[in-house]
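**Q** One predicted model, sequence on top.
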Amino acid sequence: MSILRVKTTEARVGVVGLYSAGKTVLLTSLINHLQDHDPDRFPLGKPGTQLRRFTVHEPDRGWDAFNYAGHRDSLVNYGRWPEKTKDRSQFVCQFERGDWRFSDCLLKLYDLPGERIADAGMLGRDFTGWSERMLNQFVNDTTYRTCSAPFLEAMKKPGVTESELLSTYRLALANLILNYKPLITPSTFLLDLKGQPARPAAAEELAATRHCGIDADTQFCPLPAGLRKHGTDLFDTFSSRYGQYVEQVVVPTIAAFRSCTALVVLVDVTMLLAGGVGMYDDNRQIVRDLFDVLSPGENRIFGPLARGLSKVFLPHQLRPGWITRVAFCAPKMDLVHPLDRDRMLLLMRRMVERFAADRDGLRYQFFNVSSVVSTKALPAEPTGPRVLVGTPLRGPDGKKIPPGAEQRFTASELPDDWPLEWPAGRYAFPEVYPKMPARKDYPPDQVNVDKLATFVIE
Ligand SMILES: Nc1nc2c(ncn2[C@@H]2O[C@H](COP(=O)(O)OP(=O)(O)OP(=O)(O)O)[C@@H](O)[C@H]2O)c(=O)[nH]1
Ligand SMILES: [Mg+2]
């Protein structure tokens, strides 16, 4: 640190969003642009701001390091997107910014597997509270009711056994996955603690091979009021397994995000349009749950004054932290035609703005972002087809294919507002291979990641 820079400002930025939303790619592109900074390609803060003395630090105790080198290597040297995230991780770096005269920046970035955010509703609820909430959803929502019919039947059966309940609950979760419903909890059913994701298979096979709990011996499922009797084997066992799950899986992954200073909430509008109204509903519910448990906004006890003072007087590790900024971010903008990109922003805004607007003292903004621009758009008439050019990642049968030549493909036109109902598959935004510059030390083309970074690194 230069002698003028008498303090360090710590920014802790957590990135949340459903699986495959683009969290890891966003972080990889951001880190690349900070490390190999070029003010013309990545304007941060005041115009012309230079970054200096970028250094990487070890993550905090108890955290795995975000595998930046590995993710960038797969993009640059193998032309592949980074692997899906298996566990939570952290990236810590420090740098000086030309527009901060007296302080340098210690930046901590947090990544997690998207599956885990479906468990957010467990935080602050005991087993009874969680059971009530889940069953409410299972009974009142048509898709849930249909998917979980055998489970709802089993619950009513006199003398139902633990294994009947668990196997029918697993079948319900499997059906939900196959109906593009991302609210799968316990999330270990989708991604277990060894990092094994559920593979595409028939519902019965998924139900037979996956677990709803930490492992095969600690499974649990919601119980109806009639079965929630203290002192009974079933209730006491499930209650204790639930507690263990929350402590071991949910608290370390989700509650850790509470001490962030800023949150990036990815809302993949392309995935929600492609996945149908059920996916939209679940994602909205998950964002609501996250806001409930992470409670972003100015802390009522300390308030903005104490926060300002603590920034000046306390060493950075002792400063209280809470989320005061939320960046809502619609990723993969390059999969949407330029004619529709304002609509992408508007759709995200219509979906989630209310959660942020209800919070006192929270600053929030909306961004549509391309972390790694991988398509080009051909000109189109306002009502004509949206043609993009890129290297297709999947063949006509939906299976992954090796990278070949660039091709033209059509992406869906975006609606002005979310329809009242739409099936999976009505909208399509074909995936492409990443386009990385041949020069190895050159960060990828991005759009608005710089603006997002300016907002969250304060
Ligand atoms: N075209 C395009 N595709 C992107 C971009 N960012 C992400 N993707 C696509 O989205 C996929 C998922 O991105 P990830 O960053 O791995 O998603 P994630 O949110 O980390 O997902 P989990 O690790 O499963 O939670 C990638 O494999 C790409 O296919 C982008 O900027 N442009
Ligand atoms: Mg990831």
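**A** Received, thanks. Ligands and ions are numbered 1, 2, ... in the order given.

**Q** The stretch 251-400 of the chain: helices as residue ranges?
**A** Listed in chain order, the helices found in the stretch 251-400 of the chain under DSSP state H, counting those that start in this stretch are 251-254, 269-275, 277-294, 303-313, 341-357.

**Q** What mean pLDDT does the fourth one get?
**A** Average pLDDT, helix 303-313: 62.

**Q** How about the first one?
**A** Within the predicted structure, the mean pLDDT of helix 251-254 is 93.

**Q** residues contacting Leu452?
**A** For Leu452, the residues meeting the contact criterion (Cβ atoms under 8 Å, 6 or more residues apart in numbering) are Leu30, Val264, Ala327, Cys329, Phe367, Val369. Quick note: C-beta positions are derived from backbone N, CA and C, even for glycine.

**Q** change it to 10 Å
**A** Taking Cβ atoms under 10 Å, 6 or more residues apart in numbering, we find Leu452 in contact with 13, 26, 30, 262, 264, 327-329, 365, 367-369, 371, 446.

**Q** go on, Leu171?
**A** Residues near Leu171 by Cβ under 10 Å, 6+ apart: Cys147, Ser148, Ala149, Pro150, Phe151, Ala154, Ala203, Glu204, Leu206, Ala207, Ala208.

**Q** between these, which has the most around it?
**A** Counting neighbours by other Cβ atoms under 10 Å, the top entry in the contacts of Leu171 is Ser148, with 26 neighbours.

**Q** Which residue, other than its chain neighbours, is closest to that residue?
**A** Among residues not flanking Ser148 along the chain, Ala172 sits closest, at 3.6 Å (Cβ to Cβ, 6 or more residues apart in numbering).

**Q** these two touch, right, that neighbour and Cys147?
**A** Yes - under the criterion of Cβ atoms under 10 Å, Ala172 makes contact with Cys147 at 5.4 Å.

**Q** tell me, what's touching these two both at once?
**A** Contact criterion Cβ under 10 Å, 6+ apart; residues shared by Ala172 and Cys147: Phe138, Ala203.

**Q** So, low pLDDT: which residues of the chain?
**A** Low-confidence regions of the chain, defined here as pLDDT under 70, cover residues 1-4, 298-321.

**Q** how about the residues of it near ligand 2?
**A** Lys23, Thr24, Thr85 (Cβ under 5 Å from the ion).

**Q** what sits against whichever residue of the stretch 301-450 of the chain sits closest to ligand 1?
**A** Taking Cβ to the nearest ligand atom, ligand 1 has its nearest neighbour within the stretch 301-450 of the chain at Ser371, 3.8 Å off. Listed by Cβ under 10 Å, 6+ apart, the contact partners of Ser371 are 22-30, 32-33, 329, 331-334, 434, 444-449, 452.

**Q** just checking, which of these belong to helices?
**A** When those are checked against helices using DSSP state H, the ones located there are Lys23, Thr24, Val25, Leu26, Leu27, Thr28, Ser29, Leu30, Asn32, His33, Val449, Leu452.

**Q** Can you list the buried residues in stretch 100-117?
**A** With burial defined by 16 or more other Cβ atoms under 10 Å, the residues of stretch 100-117 counted as buried are 100, 103-117.

**Q** Could you find the closest non-adjacent residue to Val373?
**A** By the measure of Cβ to Cβ, 6+ apart, the closest residue to Val373 outside its immediate chain neighbours is Asp445, 4.1 Å from it.

**Q** Tyr245 is in what secondary structure piece?
**A** Counting by DSSP states H and E, the element that carries Tyr245 is helix 233-245.

**Q** Please name every helix or strand in contact with that helix.
**A** Applying 3 or more Cβ pairs under 10 Å, 6 or more residues apart in numbering; DSSP states H and E, one finds that helix 233-245 contacts helix 127-140, helix 162-178.

**Q** List the buried residues in that helix.
**A** Using 16+ other Cβ under 10 Å as the test for burial, helix 233-245 gives Leu234, Phe235, Phe238, Ser239, Arg241, Tyr242, Tyr245.

**Q** which one of these sits closest to Thr9?
**A** Closest approach between those and Thr9, by Cβ to Cβ: Tyr245, at 36.5 Å.

**Q** From Thr185, how far out is that closest one?
**A** Between Tyr245 and Thr185 the distance is 10 Å, computed by Cβ to Cβ, to the nearest Å.

**Q** can you list residues touching both of the two?
**A** Shared between the contact lists of Tyr245 and Thr185 (criterion: Cβ under 10 Å, 6+ apart) are residues Asp119, Met122, Cys212.

**Q** Contact partners for the last one?
**A** Contacts of Cys212 were listed using Cβ under 10 Å, 6+ apart, and they are 166-167, 169-170, 172-173, 184-189, 218-221, 241, 245.

**Q** let's see it at 8 Å
**A** Going by Cβ under 8 Å, 6+ apart, Cys212 touches Leu166, Tyr169, Arg170, Leu173, Pro186, Thr188, Phe189, Gln219, Phe220, Cys221.

**Q** Looking at those residues, which is nearest Arg439?
**A** Within the set of those, Thr188 lies nearest Arg439; the separation is 41.6 Å, counting by Cβ to Cβ.

**Q** Hmm, that closest one is touching Gln219, no?
**A** No - between Thr188 and Gln219 there is no contact under Cβ atoms under 8 Å: 9.2 Å.

**Q** who touches both of the two?
**A** When contacts are counted by Cβ under 8 Å, 6+ apart, Thr188 and Gln219 are jointly contacted by His211, Cys212, Gly213.

**Q** so how many other residues sit close to the closest residue to the first one other than its chain neighbours?
**A** Spatial nearest neighbour of His211, chain neighbours left out: Gln219 (5.5 Å); criterion: Cβ to Cβ, 6+ apart. The number of residues packed around Gln219, counting by other Cβ under 10 Å, is 25.

**Q** In this structure Gln219 contacts Leu166, no?
**A** Yes - using Cβ under 8 Å, Gln219 is in contact with Leu166, at 5.1 Å.

**Q** Name the residues of this structure found near ligand 1, please.
**A** Counting by Cβ under 6 Å from any ligand atom, the chain comes close to ligand 1 at 17, 19-25, 81-82, 84-85, 113-114, 331-332, 334-335, 370-372, 374, 431-432.

**Q** Just the buried ones from those residues?
**A** Using 16+ other Cβ under 10 Å, the buried members of the residues of the chain next to ligand 1 are 17, 19-25, 81-82, 85, 113-114, 331-332, 334-335, 370-372, 374, 431-432.

**Q** Where strands are concerned, which of these count?
**A** Of the positions in those, not one sits in strands, assigned by DSSP state E.

**Q** ok now do Ala405, which residues does it touch?
**A** For Ala405, the contact set (Cβ under 8 Å, 6+ apart) comprises Thr391.

**Q** can you count the residues close to Phe455?
**A** The burial count assigned to Phe455 is 18, neighbours taken as other Cβ under 10 Å.

**Q** Pretty sure it sits in a strand.
**A** No - counting by DSSP: H, G, I helix; E, B strand; the rest coil, Phe455 is not found in a strand; it is helix.

**Q** and it, how far is that from ligand 1?
**A** The gap separating Phe455 from ligand 1 is 18 Å, by Cβ to the nearest ligand atom, to the nearest Å.

**Q** give the contact list for that residue.
**A** For Phe455, the contacting residues are Ala262, Arg325, Ala327, Gln365, Phe367, taking Cβ under 8 Å, 6+ apart as the criterion.
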